[in-house]
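In: what follows is a predicted structure for the sequence shown.
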Amino acid sequence: MSLVPVTPYTYTPLNLLKEGAIVNVYAVVKFFKPPYLSKGTDYCSVVTIVDQTNVKLTCMLFSGNYEALPIIYKVGDIVRFHRLKIQVYKNELQGINSSGFASLTFEGTLGTPVTARTSSKLFSFTPQDEKMVEALRVWASTHISASSTVVQLCDVQPMQYYDLTCQLLGKAEVDGTAFLLKVWDGTRTVFPSWRVSIQDLNFEGDLSHILRLQSLVIDILVYDNHVQVAKSLKIGSFLRIYSLHTKLHSVNTDTNSSLLRLEFHLHGGTSYGRGIRVLPETSSCVDQLKKDLEGADLAVNQPSNSQSANEDNFELSNSGSGSVSLYEVERCQQVSATILTDHQYLEKTPLCAILKQKAPQQYRIRAKLRSYMPRRLFQSVKLLCPKCHSLQEVPYENNLDKILQDAAAIAPNSKLQDTTLYDSKVWSTEGQGGRQVAVHFVKNDNILPLSSECLILIEGGRLCEVSKLSSKFHSVIPVRSGPEDLELLDLSAPFLIQGKVYHYGCKQCSNLKPIQNLNSLLNKGLWIPSAVAEVLGIVPLQYVFVMTFTLDDGTGVLDVYLKDSENFFKIPASEILTDDDHQRSLETIMNMICPPEIKIGRKYSKDAFLFF
């Protein structure tokens, strides 16, 4: 390592971080996403770190240089961040890189050499730094679960997600959204690997070497944002591929029988840390991989008569039993975007015939989805009253915070505290005009339940405070002091909050009842939203998707409203606004049923069909 004259640095424990501070930290990697190209021009890496204080911090790090971001290979690695800026995002502290940000990464395994990974040619590292790394290693060995998803190909099972350490032997671009990687790790899969025909592809790699290795080589298809990274990979490089998906596929043969093949897919997006990282040859995991590859290479050169007779043969054309063209088999994510089970008895009707008929009628159609609205999918989530059928927008956070702020102007009434229904705690906030916040803990048989089962009523709380409480307690109801009892707020605010899901009521159809009616739900299990709504006289609103589809079957074009949306998408509308993974799933479904035009050879494909 190249060292610079020692500069004394102070390192801040994660439990002492403050908003606006620029700090230096040592910590252990709890979760990470390999660097990926952001929506702008920079690369982004997400890293969640933890130290001996058991406090976690998520860091969003950006750089125009891929190599300038922390070189992290696995959970449990040790990182040192210099000049990390602390900010607040969604009511939680977050780390971002400031001017002069620098990082070092170390292997987190006890007993391994303390060698820094960094793109910087010059950095300081003292005996005190080494002690901090070793101390974190000791702590992490008993507090951080080692990355258990790293497996060898011989241990891979279908329908799972794994991290794979391997060597790249060949690559080829399939189309604008898919890229083929041929890799090996020296072991053989339980099921033969699915083969992508490379006959018409511009393939890069030593085909004779790949043929010699036969079933030790697997084909991986990477999609979407990972394609650019895959294109840049050099043949022979050592890779760690994160969150690789395996799936069994049945391939038909000339004898009308079928063979099972194991598919490998790296799906688009960065959820669960999906990505590809090039490993240096000095990495400890690469040392072991090299030994495995050398042993496997020797075994291939000395074939044994005991090898399985049904080992699959590797073919370069699509005439072999184990090789299929990408377009002769459904892509893993295109097997079925969504299924509706109603009206299967109806015959398909062309749109030109439907356009001549009068409503209401039921039809079954097969058509292409040409477009849909709204294009910003989160805007499709609305609140529907099942009684009066009115639709309304989901309140924005700023509007909701304003409602809670206005309600906080009424101080809690001490006469309404500590009743037979609940115990109360009151405190005054600092620097906000002495605003009082009261939390009422609903009892069960005069005993306070565990927080995971407890309903609390909150007076005077702002949105950030309500959000924190909803993450710790089973249910939260915002209230205010009335003349004789606690009251629900205006139904512009949620009547019940559970985790990140906010339950709203219809202003027109609801007839609010006293909070004391919650007594009737005690000893009846957890707080079910429909039951809470009923005893409080509320008609609950339902989260729904409201979308219009423009359908085209070649005979006509028809604009339709999507009904049974949750059944269609298999995603709860109530969770779309708060769950990034559900948002990505919805985007994936819409891209599948209304795909962008992508070039395949000289043709343009936009052929996703829908049945209604």
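Out: Here it is on my side, so go on. If you're wondering where the values come from, they're calculated on a predicted model, not measured in any experiment. Numbers count the residues shown, from 1 in each chain.
In: which of the three states applies to Asn519?
Out: Following DSSP: H, G, I helix; E, B strand; the rest coil, we place Asn519 in the helix state.
In: can I get stretch 370-383 as CSV, trimmed to CA atoms?
Out: The C-alpha coordinates for stretch 370-383 follow below in CSV (Å, rounded to 0.1, in the frame of the first residue of the first chain):
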residue,chain,number,x,y,z
ARG,A,370,-50.2,0.3,-27.4
SER,A,371,-50.1,2.7,-24.5
TYR,A,372,-51.4,3.4,-21.0
MET,A,373,-52.0,6.3,-18.7
PRO,A,374,-50.8,7.6,-16.3
ARG,A,375,-47.2,7.1,-17.5
ARG,A,376,-45.9,7.9,-14.0
LEU,A,377,-47.2,4.7,-12.4
PHE,A,378,-47.4,5.9,-8.8
GLN,A,379,-50.1,8.4,-10.0
SER,A,380,-52.3,5.5,-10.8
VAL,A,381,-53.0,4.7,-7.1
LYS,A,382,-56.2,6.3,-5.9
LEU,A,383,-58.6,5.9,-2.9
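In: distance of the closest residue to Met60 other than its chain neighbours from Tyr89?
Out: Leaving out its chain neighbours, the residue that sits closest to Met60 by Cβ to Cβ, 6 or more residues apart in numbering is Ile96, at 5.5 Å. In this view, the C-beta of every residue, glycine as well, is placed from N, C-alpha and C. According to Cβ to Cβ, to the nearest Å, Ile96 stands 9 Å off from Tyr89.
In: cool, and Pro35?
Out: Distance of Pro35 to Tyr89, given as Cβ to Cβ: 20 Å.
In: who has more neighbours, these two?
Out: Higher neighbour count among Pro35 and Tyr89: Pro35, with 27 against 11, using other Cβ atoms under 10 Å.
In: I'd guess the more buried one is in a helix, am I close?
Out: No: counting by three-state DSSP, Pro35 is not part of a helix but strand.
In: would you agree it is in contact with Val46?
Out: No: Pro35 is beyond contact range of Val46, at 9.5 Å (criterion: Cβ atoms under 8 Å).
In: shouldn't the residue nearest to Met60 be within a strand?
Out: Yes: counting by three-state DSSP, Ile96 is part of a strand.
In: right, and it touches Lys85 too?
Out: Yes: Ile96 is within contact range of Lys85, at 5.1 Å (criterion: Cβ under 8 Å).
In: neighbour count: those two, which is higher?
Out: The residue with more neighbours, out of Ile96 and Lys85, is Lys85; 17 against 14, by other Cβ under 10 Å.
In: low-confidence bits of the stretch 101-250 of the chain, can you list those?
Out: When residues are selected by pLDDT under 70, those of the stretch 101-250 of the chain lie in 146-148, 250.
In: for it, which segments are assigned as helices?
Out: For the stretch 101-250 of the chain, the helices defined by DSSP state H, counting those that start in this stretch occupy 127-143, 207-213, 227-232.
In: and the last one, how far out from the chain middle?
Out: The reference is to helix 227-232. Helix 227-232 sits 21 Å away from the centroid of its parent chain (Cα atoms, centre = their mean, to the nearest Å).
In: now swap in the first one and tell me
Out: Its chain's average C-alpha position is 30 Å from that of helix 127-143, according to Cα atoms, centre = their mean.
In: what packs against it?
Out: Counting contacts by 3 or more Cβ pairs under 8 Å, 6 or more residues apart in numbering; DSSP states H and E, helix 127-143 is packed against strand 22-37, strand 78-89.
In: just the angle between it and strand 78-89, please?
Out: 80 degrees (axes from the mean of the first three to the mean of the last three Cα atoms, to 10 degrees).
In: residues in contact with helix 127-143?
Out: The list of residues contacting helix 127-143 from outside it, by Cβ atoms under 8 Å, 6 or more residues apart in numbering, reads 11, 26-28, 50-52, 54, 76, 78, 80, 106, 108-110, 114.
In: report the angle between that helix and strand 22-37.
Out: 60 degrees.
In: tell me which residues of helix 127-143 come out buried.
Out: For helix 127-143, the neighbour count (16 or more other Cβ atoms under 10 Å) marks Asp129, Met132, Val133, Leu136, Arg137, Ala140 as buried.
In: and if you look at the second one?
Out: Residues of helix 207-213 classed as buried under the neighbour-count rule (16+ other Cβ under 10 Å) are Ile210, Leu213.
In: so what does that helix touch, helix or strand wise?
Out: Right, helix 207-213 is packed against strand 161-175, helix 284-301 by 3+ Cβ pairs under 8 Å, 6+ apart.
In: circling back: who wins for proximity to Leu180 among the helices of the stretch 101-250 of the chain?
Out: helix 227-232 (8.4 Å; Cβ to Cβ).
In: how about residues contacting the closest one?
Out: Tyr36, Leu37, Lys171, Glu173, Gly176, Thr177, Ala178, Phe179, Leu181, Val222, Gly275, Ile276.
In: would you convert the helices of the stretch 101-250 of the chain into JSON lines that also reports distance to Phe441?
Out: Below are those laid out as JSON lines (distance: least, Cβ to Cβ, whole Å):
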{"stretch": "helix 127-143", "distance to Phe441": "31"}
{"stretch": "helix 207-213", "distance to Phe441": "65"}
{"stretch": "helix 227-232", "distance to Phe441": "51"}
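In: what about the residue nearest to Met60, distance to Ile78?
Out: Counting by Cβ to Cβ, the separation of Ile96 from Ile78 is 20 Å.
In: check Arg188 too.
Out: 35 Å.
In: try Ser124
Out: According to Cβ to Cβ, Ser124 and Ile78 sit 16 Å apart.
In: the more surrounded of the two?
Out: Ile78 (26 against 16).
In: my read: that one touches Val28, true?
Out: Yes: when contacts are counted by Cβ under 8 Å, Ile78 is listed as touching Val28 (5.9 Å).
In: got any residues that touch both of the two?
Out: Contact with both Ile78 and Val28 is made by residues Gly108, Leu136, Ala140, according to Cβ under 8 Å, 6+ apart.
In: now do the same contact list for the residue lying closest to the last one once chain neighbours are set aside.
Out: The spatially closest residue to Ala140, leaving aside those adjacent along the chain, is Val28, at 4.5 Å (Cβ to Cβ, 6+ apart). Residues near Val28 by Cβ under 8 Å, 6+ apart: 49-51, 76-79, 108, 136, 139-140, 143-144.
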